[in-house]
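>>> next input, structure requested:
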Amino acid sequence: MSDSFVLGEKERENKSKIKKMQSLTEVALLTVRNAVEAMITINHKGRIEGFNPAAERLFGYTAAEIIGQNVHRLVPTPHNERHDQYICAYMLDRTCIDWYQRRITSAMTSIFVPT
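Numbers count the residues shown, from 1 in each chain. Sure thing, here's the model as predicted:
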């Protein structure tokens, strides 16, 4: 087998893998955009990188307004002041502070959002 044949085969395999990954990415993005539940993605510093339409309805911000902002803007008081510390602790040892997660979840379900 010639080297050019092997390289051509590898190139076809790589292109196929890239196309499959792009397709899966599109499916994931469509799923997030069309989810009934609010979905927010943040980076390791707590900056909002994704904000789906359900999150827009729940929090009253458009994605354009909130992307790039710190997620603590969405967290109820008094936890919003310490939220960056919680993210830092999570990044250090990859464990959630369980009591904090439970309190935020219960607080988030009781947020009143005017229509």
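
>>> give me the mean pLDDT for the longest helix along the chain.
Using DSSP state H to define each element, the chain has its longest helix at helix 3-34. Averaging pLDDT along helix 3-34 yields 79.

>>> for R82, give its distance to I42.
Between R82 and I42 the distance is 15 Å, computed by CB to CB, to the nearest Å. In short, each C-beta sits where N, CA and C put it, glycine included.

>>> might you report the residue contacts of the residue nearest in space to the middle of the chain?
The centroid of the chain falls nearest to T41 when counting by CA atoms, centre = their mean (1.9 Å). Shown in contact with T41 (CB atoms under 8 Å, 6 or more residues apart in numbering): 48-51.

>>> between those residues, which has the most around it?
The residue in those with the most neighbours, by other CB atoms under 10 Å, is F51 (26 neighbours).

>>> how near is it to T41?
F51 is 8 Å from T41, by CB to CB.

>>> what of V32?
8 Å.

>>> next: A35.
In terms of CB to CB, A35 sits 12 Å off from T41.

>>> same deal with M91?
15 Å.

>>> try E26
16 Å.

>>> my guess is G50 is in a helix, correct?
No. Under DSSP: H, G, I helix; E, B strand; the rest coil, G50 sits outside any helix and is assigned strand.
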